[in-house]
Structure formats: C-alpha cells, structure tokens
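Asker: Sharing a sequence plus its predicted fold:
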Amino acid sequence: MSTDTKAPVATTPPHVTTKITRPSPEALYRLGEHGSATIHEAQGRLGALDSRIKPVDHTMRFAGSAFTVVCAPRDNLMLQVAIHYARPGDVLLVSAGEMGQAGTFGDVLGNAAKAKGVAAVVTDSGVRDTEQLRALGLPVFSGSVSITGTVKETLGPINQPMIIGGQLVHPGDAVVGDADGVVVVPQQDVERVIDLSRRREEHEAELIERYKAGATTIELCGLTDVLPAKGLTTDLDAADAGQELGAR
C-alpha cells in the first residue's frame, strides 16, 4: 500500500504569502501617537473603516502593520492559519463577509494571537468571549459580538489586497485603531501622514486656546461671510443687520 501523500495543487498566487514589506516599528509608533479621527482627516478624509467596527473595550488602541486575511462567512480556518504566520506588530485584518451572527474570534485564539505578538485583531464579522478578551488586553475590534459558532472548512487568501469595512487594504499598510474606530494609511504615505497629523493637532490645540480666550465658532470656522451668503436669518436681523456675526 502506497504511503505517498497527495501534493497540494499549486495556486497563483499561493493561499499564504509570508514575504511582505512593513513600515518600521518606529514609524508605526509615531503614527499611533495620533488618534484615528485625526489621521483620517489629515490624509484627506480617507482610510476610515466602517463605523460598525469598534473595540470590545473603549480603552483599547493600537498601531501596526496590516496582515490581511479573507475568511468565508462563519468560517475561521484562515484566521487560525494567519495567527501561525503572523509576526510581532502585525494587525490581523479579517474580512469575513460582514457576517454579524458569527463568533469568528474568542479568548482561545486571542491567547494564541497575543503569544505571537500580534498587535491587534480587526474583523468585519463577530467576536465572542469579550470579557476574557478585555482581561487579556489584546486589542480586538469587530463589527459585532456574537456567540454563534463557526466552522473551519474554506481556504482563502492571506496577504493579498482585500476590501474590509469599505476600504481597500494592502498587506503592510499601516493601521491605527482607538475608541473612535479604525483607519488605514497606505504604506508609502506613512511619513507624510505622520507630518500632516502632527500639524493638524498643533492647529487644533491653537484653536482650543483661542476659544478659551473668547473667540467664537463663527469667527474661527470662517463663517462670518459664509452664513449671510447662504441666507441665514435670526431674530436679531431687525436690530443688527450683521446678525452679531462680527466684523466683515
């Protein structure tokens, strides 16, 4: 009796790609100093994943490199494979058909991911064991919380470009998440977006100080001429043609 095992049928590209480029840990750290909303605005209001995808604990935040995974709905086979191949600092981005009624990830896989040094797990599907995941401290972001079990049946691509949360993500893109949501920055834009984010935060800090000193929203938001041009009316019109909008 032959003991030969059948060789897998080659695919192009292979199911699993391990050799990808990543931003430097230092660059990811500097990017992660900024909030997801700041980064989204700074890069031209781009990169925000669907707002349904939120952390299981609002204190969770992360910055890391995208390690993309495609799972079939209610199937976490390739997520388990991805944990095996992931490197420290990787963010497992798991596209699983936006299946809310599926506990794609829980505390057992959470411990496996943390042991590998995974920076975070982000999925458009559901997760479970949220109490244990909070205690574990691994940042986990999901489209839902669901106790429904999953199978381990279907192969899919790892580290190929994919869509998750309405965004096209390439392996090695930078990913930042916090209480507000998750944002993706193309790998080639990381340094530029770090600079833009820093400038935006400096500008916002200046605005806050000016508000504290008595400046108004209409003044600092540049609305003094815009609102009358749009036809804004108030009950002050008869007494003050300028509608108390300030000097023109």
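Answerer: Cool, got the structure.
Asker: Give me the mean pLDDT for stretch 200-210.
Answerer: Averaged across stretch 200-210, pLDDT comes to 97.
Asker: quick one: contacts of it?
Answerer: 34, 38, 41-42, 220 (CB atoms under 8 Å, 6 or more residues apart in numbering). (Each C-beta comes from the backbone N, C-alpha and C, glycine too.)
Asker: Dump these into TSV; add secondary structure and pLDDT as well.
Answerer: Below are the contacts of stretch 200-210 laid out as TSV (DSSP: H, G, I helix; E, B strand; the rest coil; pLDDT from 0 to 100):
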residue	secondary structure	pLDDT
34	coil	98
38	helix	98
41	helix	98
42	helix	98
220	helix	94
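Asker: Mind listing what's buried along whichever strand or helix holds residue 207?
Answerer: Using DSSP states H and E, the element containing residue 207 is helix 190-212. Applying a neighbour-count criterion of 16 or more other CB atoms under 10 Å, one finds 190, 193-194, 196-197, 200 buried in helix 190-212.
Asker: Same check on stretch 47-63?
Answerer: Under the neighbour-count criterion of 16+ other CB under 10 Å, stretch 47-63 has 47-49, 53-57, 60-63 buried.
Asker: SS state for the residue nearest to the spatial centre of the chain?
Answerer: By CA atoms, centre = their mean, the chain has its centre lying nearest to residue 182, at 2.1 Å. Three-state assignment for residue 182 (DSSP: H, G, I helix; E, B strand; the rest coil): strand.
Asker: Need the per-residue pLDDT for the closest residue to it other than its chain neighbours.
Answerer: Spatially, and ignoring its direct neighbours in sequence, residue 182 is nearest to residue 49 (4.3 Å; CB to CB, 6 or more residues apart in numbering). Residue 49 carries a pLDDT value of 98.
Asker: how close does residue 49 get to residue 206?
Answerer: 30 Å (CB to CB, to the nearest Å).
Asker: thinking again about what came up before, kindly list the main-chain dihedrals of the residue nearest to residue 182?
Answerer: Here is the backbone geometry of residue 49 (degrees, to the nearest 10): phi -70, psi 160.
Asker: List the residues that contact it.
Answerer: Residue 49 neighbours (CB under 8 Å, 6+ apart): 122, 124, 164-167, 181-184.
Asker: next one: residue 29
Answerer: residue 63.
Asker: cutoff 10 Å now
Answerer: 23, 63, 89, 194 (CB atoms under 10 Å, 6 or more residues apart in numbering).
Asker: tally of neighbours for the third one?
Answerer: For residue 89, the count of nearby residues is 20 (other CB atoms under 10 Å).
Asker: so where's the protein shaky on pLDDT?
Answerer: Scanning the chain with the threshold set as pLDDT under 70 gives 1-11, 239-248.
Asker: how about the strands in it?
Answerer: With DSSP state E as the criterion, the chain has strands at 54-55, 62-70, 90-95, 103-105, 120-127, 140-145, 162-164, 167-169, 174-178, 181-185.
Asker: partner strands of the first one, parallel or antiparallel?
Answerer: Partner strands and pairing direction for strand 54-55 (DSSP bridges) are strand 140-145 (antiparallel).
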